[in-house]
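Asks: output the structure for:
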Amino acid sequence: MEVRFVTPDAGAQPGELSPADGSGPRELLAYRSAQGRWVVAAMILGSSVAGIDSTVVAVALPAIGRNLHAGFQALQWTVTGYTLTLAALILLAGSLSDRWGRRRVFLVGLGWFTAASVLCAAAPSIEWLIAARAVQGIGGALMTPASLAIIEATFRPGDRTHAIGTWAGFSGVSSAIAPFLGGWLLEAGSWRAIFLINVPVAAVTAWMTLRHVPESRDTSASGSADWPGALTGVAALAAITYAIIVLPSAGVTAPQFAAAAVLAVVSAAAFAVTERRGSHPMLPPAIFAPAQFRAANAVTFVVNGALGGFAFVFIPGLEIIAGYSPVVAGSALVPVTVVTMLLSGASGQLAQRIGPRPQLVAGCLACAVASMLAVRVGPRADYWTVVLPLAVLFGLGLASLLPPLTATAMNSAPDSLAGLASGVNNAVARVAGLLWIAALPPITGLTGAAYTDPAQFQSSFGQISWICAAAFAGAAVLSAAFITGPGRSAPARTAIIQTPLPHLACPVAFGHAPGQARGPDSSPASDPSRAADPPSPG
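Replies: Modelled structure (predicted):
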């Protein structure tokens, strides 16, 4: 779940944008200006490159496995390899974009991602594909924080919410198009085409960005980037993921598991020491001081882990178990995106009035029921009576729980750490998806060539559905026990929420209590922690 606040460029005066060379102020753009529309269009295309890719890879997993003669553990790594580098580097990448220039880092990430896409398309083996996907994740980490930061730093305070709403809305449209595009490419050609489609889209995005997007940077950023923290974080996550994947088949006494476990412990300890003693850590321990922030991120970990693990097997399961075509299987989760985007705005407003706890509990329980309904997926399962009801219920559950969960995490952090809190919440969600995707298939017997057997896949899928249902129920208990009431009042803020469901993004407004007075100095430009006026629901 990605959350970014609408904040002006720290090096600019209110209503101004710092140019790339830092030579002087520059006027911020209006949303309805020609250049403003070009900026939004470029960022929509940029986010669509990564979003479409993540969606169609899930659809293409069975085809990749057949073509490259890969076991299910290897297919796991085609997903977790990307998520691993993305999750470990996204905090560092955000700070690099502020220091080096947001447009520059976005373009580097776009070029990196595109080059890695070509490597993916040319992969002669599953090992090559896994390595190329990990390289892709580095490009995704550079693009993800920079794209929205460009919008935040480029537009006038009064136009930012409109620009972000358009950006998020068309990201949702791309998620609806992606399954049909990916399915058509798979049925008409090869899975390799799903990576090559990135090349022309990235070329157009790069041209638009170079021609129309102004540069911006945070001129107040000081110190060097936290490279030791990034490297130890990547090593720890990689070792933990590998250990989780090999444990069920290899056992605790296996040399590969023992080596991975030792490396995980050593790397995690080194990461903790680096962040505690570093002068400019990307994850300072102080961010976790508020108990409410810890509780919100614990719920985030459980919810996003269960959601990511479920989505990972759900789409291939529809193809292998129920015999759905890639197009139909990939589009099965589109109702989740539509329902969540339509209702999240209203959900956020309701949470401001009644507090986060009731909606968190209700949303988690709705997702638990949806997971239980998934056990009905079997051979020739009917879409309208089996798949659509659980997809709509998932959408209702996520629309209910995501806005108050985001609001709780953000409002519990000090205003001075609001941007970092959003990055941490995003990283927690991505790490959760990474670890749950690594753990669930092997512990339910979905290893080796077992995924090619519809009966075995159905058995494992049923177990995963029950595990995820229990996890969502556990998240409801955590929310009821540890998430408190509305807490302190906060200025109006806008967040972009993303989940492990490819590629669900929606703008959510929260934190400004109805009727709360706002003084003349409470405009977004006067306070970097404040956002523009809340967007309309959806």
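Asks: all strands of this structure, in order?
Replies: Using DSSP state E, the strands found in the chain span residues 16-17, 26-27, 493-498, 505-510.
Asks: pLDDT (mean, whole number) over the last one?
Replies: Averaged over strand 505-510, pLDDT sits at 50.
Asks: check which helices and strands the lengthiest helix in the chain sits against.
Replies: Using DSSP state H, we find that the single longest helix of the chain is helix 34-68. Contact here means 3 or more C-beta pairs under 8 Å, 6 or more residues apart in numbering; DSSP states H and E; on that basis helix 34-68 packs against helix 72-100, helix 102-121, helix 126-154, helix 157-188, helix 193-196, helix 198-212, helix 291-320, helix 326-330. (Glycine included, C-beta is placed from N, CA and C.)
Asks: identify the residues contacting Ile287.
Replies: Phe293, Ala413, Leu417, Leu420, Ala421, Val424 (C-beta atoms under 8 Å, 6 or more residues apart in numbering).
Asks: same check, this time on Val387
Replies: Leu318, Ala332, Val377, Ala381.
Asks: shouldn't the third one be in contact with Phe461?
Replies: What it means is Val377. Yes - contact criterion C-beta atoms under 8 Å: Val377 and Phe461 qualify, at 6.8 Å.
Asks: more crowded one of these two?
Replies: More crowded of Val377 and Phe461, by other C-beta atoms under 10 Å: Phe461, with 28 against 21.
Asks: grab the nearest non-local neighbour of the more buried one.
Replies: Gly317 (4.7 Å; C-beta to C-beta, 6 or more residues apart in numbering).
Asks: from Gly462, how far out is that neighbour?
Replies: Gly317 is 10 Å from Gly462, where distance means C-beta to C-beta, to the nearest Å.
Asks: ditto for Glu215
Replies: Glu215 is 52 Å from Gly462, by C-beta to C-beta.
Asks: same question for Ala93.
Replies: Here Ala93 is placed at a distance of 38 Å from Gly462 (C-beta to C-beta).
Asks: so which of these two has more stuff around it?
Replies: Shown here are Ala93 and Gly462; by other C-beta under 10 Å, Ala93 has more neighbours (27 against 18).
Asks: about what we covered before: including distance to Val477 and mean pLDDT, could the helices and strands packed on helix 34-68 go into TSV?
Replies: Formatted as TSV, these follow (distance: least, C-beta to C-beta, whole Å; pLDDT from 0 to 100):
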stretch	distance to Val477	mean pLDDT
helix 72-100	26	84
helix 102-121	39	94
helix 126-154	32	88
helix 157-188	31	74
helix 193-196	40	88
helix 198-212	42	92
helix 291-320	10	91
helix 326-330	33	82
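Asks: TSV for those, including distance to Ala58?
Replies: Formatted as TSV, the helices and strands packed on helix 34-68 follow (distance: least, C-beta to C-beta, whole Å):
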stretch	distance to Ala58
helix 72-100	7
helix 102-121	14
helix 126-154	13
helix 157-188	9
helix 193-196	10
helix 198-212	16
helix 291-320	5
helix 326-330	7
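Asks: report the buried residues of stretch 65-76.
Replies: Gly65, Leu68, Ala70, Gly71, Phe72, Gln73, Ala74, Leu75, Gln76 (16 or more other C-beta atoms under 10 Å).
Asks: show me which of those residues is closest to Tyr82.
Replies: Each of the buried residues of stretch 65-76 was scored against Tyr82 by C-beta to C-beta, and Gln76 proved nearest at 11.2 Å.
Asks: surely the closest one and Ala438 touch.
Replies: Yes - here Gln76 lies in contact with Ala438, judged by C-beta under 8 Å, at a distance of 6.3 Å.
Asks: overlap in contacts of these two?
Replies: Contact criterion C-beta under 8 Å, 6+ apart; residues shared by Gln76 and Ala438: Ile245.
Asks: OK, contacts around Val57?
Replies: Thr78, Val79, Tyr82, Ile194.
Asks: let me fix that: Leu405
Replies: Met1, Ala296, Val299, Thr300, Val303, Pro356, Leu360.
Asks: now the fifth one: closest residue in space that isn't a chain neighbour?
Replies: Nearest-residue entry for Val303: Ala475, 5.1 Å, with adjacent residues in sequence omitted and distances by C-beta to C-beta, 6+ apart.
Asks: number of nearby residues for that neighbour?
Replies: Residue crowding around Ala475 was assessed by other C-beta under 10 Å; the count is 28.
Asks: quick check: neighbours shared by Val377 and Phe461?
Replies: Common neighbours of Val377 and Phe461 (C-beta under 8 Å, 6+ apart) are Gly317, Ile321.
Asks: name the residues of stretch 461-472 that are buried.
Replies: Under the neighbour-count criterion of 16+ other C-beta under 10 Å, stretch 461-472 has Phe461, Gly462, Gln463, Ile464, Ser465, Ile467, Cys468, Ala469, Ala471, Phe472 buried.
Asks: could you do stretch 362-378 as well?
Replies: 362-375, 377.
Asks: chain center to that stretch, what's the gap?
Replies: From the chain centre to the centre of stretch 362-378 is a distance of 22 Å (C-alpha atoms, centre = their mean, to the nearest Å).
Asks: got it, and stretch 242-257?
Replies: So, by C-alpha atoms, centre = their mean, the centroid of stretch 242-257 is 28 Å from its chain's centroid.
Asks: gap between the two ends of it?
Replies: 8 Å (C-alpha to C-alpha, to the nearest Å).
Asks: go on, stretch 373-390?
Replies: First residue to last in stretch 373-390 (C-alpha to C-alpha) measures 6 Å.
Asks: contacting residues for Pro290?
Replies: Listed by C-beta under 8 Å, 6+ apart, the contact set of Pro290 reads Ser412, Ala413, Pro414.
Asks: per-residue confidence at it?
Replies: For Pro290, the predicted pLDDT is 87.
Asks: oh, and call the first residue 44 from now on, that's how I've got it
Replies: Shifting the count to begin at 44 puts that one at Pro333.
Asks: next one: it from Ile133, what distance?
Replies: 22 Å.
Asks: what ranges do the helices span in the stretch 344-493 of the chain?
Replies: Assigned by DSSP state H, counting those that start in this stretch, the helices in the stretch 344-493 of the chain fall at 369-373, 377-397, 399-416, 431-454, 461-486.
Asks: got TSV for the ones you listed, with distance to Cys163 too?
Replies: Formatted as TSV, the helices of the stretch 344-493 of the chain follow (distance: least, C-beta to C-beta, whole Å):
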stretch	distance to Cys163
helix 369-373	17
helix 377-397	24
helix 399-416	31
helix 431-454	28
helix 461-486	18
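Asks: of all the ones you listed, which one comes closest to Val83?
Replies: helix 377-397 (17.2 Å).
Asks: from the contact counts, what lies against that closest one?
Replies: So helix 377-397, by 3+ C-beta pairs under 8 Å, 6+ apart, packs with helix 200-231, helix 399-416, helix 431-454, strand 548-553.
Asks: please name every helix or strand in contact with the longest one.
Replies: Other helices and strands packing on helix 200-231, by 3+ C-beta pairs under 8 Å, 6+ apart, are helix 77-111, helix 169-197, helix 236-239, helix 369-373, helix 377-397, strand 536-541, strand 548-553.
Asks: how about a cut-off of 6 Å?
Replies: With contacts taken as 3 or more C-beta pairs under 6 Å, 6 or more residues apart in numbering; DSSP states H and E, helix 200-231 sits against helix 77-111, helix 236-239, helix 369-373, helix 377-397, strand 548-553.
Asks: among those, which is the most enclosed?
Replies: strand 548-553 (a mean of 27; mean count of other C-beta atoms under 10 Å).
Asks: coming back round to it: give me the buried subset of the contacts of Leu448.
Replies: Met44, Ala339, Val342, Thr343, Val346, Pro399, Leu403.
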